[in-house]
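J.: Sequence first, then the predicted structure:
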Amino acid sequence: MTVFILRRVLQAILVLAITSLVVFLGVYAIGDPLEILLPADASMAERAQVTASLHLDDPLALQYWNFIVQALQGNFGRSFVFNRPALEVIFERLPATLELVTTSLILSLIIGIPLGFLAGTRPRTVTDETIMTGSILGFSLPNFWQGMMLIMIFSVWLGWLPSTGRGDTGTILGVRTSYATWDGFVHLLLPATNLALAQIALVIRLTRTGVQETMPLDFVKYARARGISERRILSVHVFKTILIPIVTVLGIEFGSLIAFAVVTETIFAWPGVGKLIIDSINMLDRPIVVAYILVIVSMFIVINLVVDVLYSLLDPRIRSRAS
């Protein structure tokens, strides 16, 4: 077990090192931040002073080496725009994104599992076909189009929900969150729903498939023979069986949602790291861009590592194949 975990950790470190090199070279080879940071009539002396202060005149290899040395100490450089540590700016925005992603996952479970059960227990019926057609639309329609339609329907036509911003936040257990105020909660609903639509479709399909594969198994037939009600069979025996793959997939999807919340945050002006990275790319704020990508990649690596370890604990055959 120790060898298995150690191998996964070394692989994660190698992936992170390669990613840092590729991202650094790609980002620092694009554009000139001085064109955005300085006015058009800036003198050569002012340009030289800003270039020296940002170390943009150092050779690229030296810049990368300094970046790695500082990153290992938890310092990813100072933002050109905010004039603050890049990691501090990202972690300041990250809670809003985590709140959005967590809410979307909760919605996907609350809506997707019951609909998946309904479709799975009524195969080849009108109910099944309707639910599965809706799940296809959830996968097929572009995320940005879904967001604009949600704004059009619920904000413009009906006027029920606000379309942009995070709203007022409050404190729960020392954490600033939109759940603490009604204004913050209603601001959260539309962007969370937009981000959850594809996940709802995924959960519906996973649940439906799991139900249809589990219902013919022997332990379900044995439960029926014992006189256990169909409701209890579904809610206890079948539900426990299909929940493991659903939670596993959503655990991996959690990292994907953080990375791909950019579109939703941009459409709804949600003040998370997704909107931050778009603004930073437009402003050529290189430290923010590099730090953001490495933070997201690190989260992916950690989540995948945790999933690998959990699977190896649940199924020793995985460890034997990996060793």
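T.: Now that the structure is in, tell me what you want to look at.

J.: tell me the mean pLDDT for stretch 63-73?
T.: Stretch 63-73 shows a mean pLDDT of 80.

J.: what comes up buried for it?
T.: 63, 64, 67, 71 (16 or more other Cβ atoms under 10 Å). Glycine gets a C-beta too; all of them are placed from N, C-alpha and C.

J.: then it to PDB, C-alphas only?
T.: Only the C-alpha atoms of stretch 63-73 are listed here, as PDB (Å, rounded to 0.1, in the frame of the first residue of the first chain):
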ATOM      1  CA  GLN A  63      12.500  34.000 -14.700                       C
ATOM      2  CA  TYR A  64      11.300  30.300 -14.700                       C
ATOM      3  CA  TRP A  65      14.000  29.300 -12.100                       C
ATOM      4  CA  ASN A  66      13.100  32.200  -9.800                       C
ATOM      5  CA  PHE A  67       9.400  31.300 -10.200                       C
ATOM      6  CA  ILE A  68      10.100  27.600  -9.200                       C
ATOM      7  CA  VAL A  69      12.200  28.600  -6.200                       C
ATOM      8  CA  GLN A  70       9.500  31.100  -5.000                       C
ATOM      9  CA  ALA A  71       6.700  28.700  -5.800                       C
ATOM     10  CA  LEU A  72       8.200  26.000  -3.600                       C
ATOM     11  CA  GLN A  73       8.100  28.600  -0.800                       C
END
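
J.: CSV please, covering the buried residues of stretch 63-73 and showing distance to residue 83 and secondary structure.
T.: Shown next, in CSV, are the buried residues of stretch 63-73 (distance: Cβ to Cβ, whole Å; DSSP: H, G, I helix; E, B strand; the rest coil):
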residue, distance to residue 83, secondary structure
63, 19, helix
64, 22, helix
67, 18, helix
71, 19, helix
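
J.: Could I get the full set of helices for the stretch 51-200 of the chain?
T.: For the stretch 51-200 of the chain, the helices defined by DSSP state H, counting those that start in this stretch cover 60-72, 86-121, 126-140, 143-150, 182-214.

J.: burial measure for residue 5, as a count.
T.: Residue 5 has 14 neighbours, counted by other Cβ atoms under 10 Å.

J.: Regarding it, what is its secondary structure?
T.: Counting by DSSP: H, G, I helix; E, B strand; the rest coil, the backbone at residue 5 sits in helix.

J.: how near is it to residue 254?
T.: Here the distance between residue 5 and residue 254 works out to 21 Å (Cβ to Cβ, to the nearest Å).

J.: about what we covered before: from the buried residues of stretch 63-73, pick the one nearest residue 199.
T.: Nearest to residue 199 out of those is residue 71 (Cβ to Cβ; 32.1 Å).

J.: among the helices of the stretch 51-200 of the chain, which gets the worst mean confidence?
T.: Among those, helix 60-72 carries the lowest mean pLDDT (a mean of 79).

J.: Next, give phi and psi for residue 270.
T.: The phi/psi pair for residue 270 (degrees, to the nearest 10) reads phi -80, psi 130.

J.: which residue packs closest to it, ignoring adjacent ones?
T.: Once flanking residues are discounted, residue 270 sits nearest to residue 191: 5.1 Å by Cβ to Cβ, 6 or more residues apart in numbering.

J.: For that neighbour, list the residues it contacts.
T.: Contact analysis of residue 191 by Cβ atoms under 8 Å, 6 or more residues apart in numbering lists 100, 147, 264, 265, 267, 268, 270.

J.: Figure out the helix or strand that residue 14 lives in.
T.: Secondary-structure assignment from DSSP states H and E places residue 14 in helix 2-28.

J.: I'd like to check the angle between that helix and helix 60-72, please.
T.: Taking axes from the mean of the first three to the mean of the last three Cα atoms, to 10 degrees, one finds helix 2-28 and helix 60-72 inclined to each other by 130 degrees.

J.: for helix 2-28, which positions count as buried?
T.: For helix 2-28, a neighbour-count test (16+ other Cβ under 10 Å) marks 4, 8, 12, 16, 19, 20, 23, 24, 27, 28 as buried.

J.: Test my guess that the fifth one contacts residue 294.
T.: So that's residue 19. Yes. Using Cβ atoms under 8 Å, residue 19 is in contact with residue 294, at 6.8 Å.

J.: how about the strands in the stretch 151-300 of the chain?
T.: 170-172, 175-177 (DSSP state E, counting those that start in this stretch).

J.: closest to residue 137 out of these?
T.: Nearest to residue 137, of the strands of the stretch 151-300 of the chain and by Cβ to Cβ, is strand 175-177 at 31.3 Å.
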